[in-house]
Structures are given as C-alpha cells and as structure tokens.
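Undergrad: When you get a sec, could you give me coordinates for this:
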Amino acid sequence: MAESKYRILVVDDLDDWRKTLSGLLHEEGYKVDVADSFEKAVKLLRSQKIDLAILDVRLDETDENNTQGLDLASEIKRHWTSIKTIVITGYDNPEIVKRAMEPQAPGKKRLADDFIPKTETDSLIKSVQSLLKK
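TA: Numbering: from 1, shown residues only. Predicted coordinates for the structure are as follows:
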C-alpha cells in the first residue's frame, strides 16, 4: 500500500495497544507516532505536524478519574485546532462518552471527532479514513 501523507499520533499508556494500533495504521499506509503519556504527546504535537490523534481515555494507572485522555483532547482542540481526534477506551462509561462527544459549552466544539471502543479496530480504521478523507 502506498504511504499516506497523513501523520497520526497514537497515545495510550499500554504498550500492547500502542503497538497494535500503530501496526494497523502502518498497514493502511499512515505515518504513525506514539506516546505513552500526556506530556510525551504534547512534546510530539509541538515538534511534528500531526493530522489526527487517537487518544486513550486513561493514560496512567494513577488516573482514577479516567480523564487524562479527555484533558489531552481538550488541549489539542485549544492549541492545534486542525487536528482531528478519536477517543478510544476499554471502559463502558456513558459519562466519558458524553464528555467526549458533547460540546463543553454553547458554541464550543466537541473534544472528540469520534469515540470508539478499543476492541472495534475495524471501526477505528473506517473512522480514521473518514476523518482524513482517504
């Protein structure tokens, strides 16, 4: 498959998920960067032109509120407005979905352009292609 012009950032604290997702995206021809924390993701965002970020909701075992991924999505929407975001999670929590997919205030954008359970990798690839118009 021909290499895409798009660069994707995968942010997940779990190494196996970073490898799985980056492998799937590489197979589709995308350039992929990975980060295992909020801080490393921001560093990459500052140094690379990223087109889309895939963010796990929980980025640290100590993140009992499961909000670091959503906090990162908010940071991206604030500072890098052209970057599309997909939030992923292995947790079934309606409040997390609501926070990701509903505007935080009138006239504001959603934190995520899409929200996908981690196990739905086919849906993830379709969402990436749709958001990047591949």
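Undergrad: where does residue 54 land in three-state SS?
TA: The three-state label for residue 54, taken from DSSP: H, G, I helix; E, B strand; the rest coil, comes out as strand.
Undergrad: quick one: it from residue 86, how far?
TA: Distance, residue 54 to residue 86, by CB to CB, to the nearest Å: 5 Å. Where you see a C-beta, it was placed from the backbone N, CA and C, and this is true even at glycine.
Undergrad: what's the overlap in contacts for the two?
TA: In terms of CB atoms under 8 Å, 6 or more residues apart in numbering, residue 54 and residue 86 are both contacted by the residues 124, 128.
Undergrad: Looking at these two, which one has more neighbours?
TA: Neighbour count, other CB atoms under 10 Å: between residue 54 and residue 86, residue 54 has more, with 27 against 22.
Undergrad: What residues of the helix or strand harbouring residue 42 count as buried?
TA: Using DSSP states H and E, residue 42 sits in helix 38-47. Neighbour-count burial for helix 38-47 flags 38, 41-42, 44-45 (criterion: 16 or more other CB atoms under 10 Å).
Undergrad: Which strands and helices lie in contact with it?
TA: strand 7-11, strand 31-35, strand 52-56, helix 68-79 (3 or more CB pairs under 8 Å, 6 or more residues apart in numbering; DSSP states H and E).
Undergrad: residue contacts, residue 55?
TA: 11-12, 41, 69-70, 72-73, 85-88, 112.
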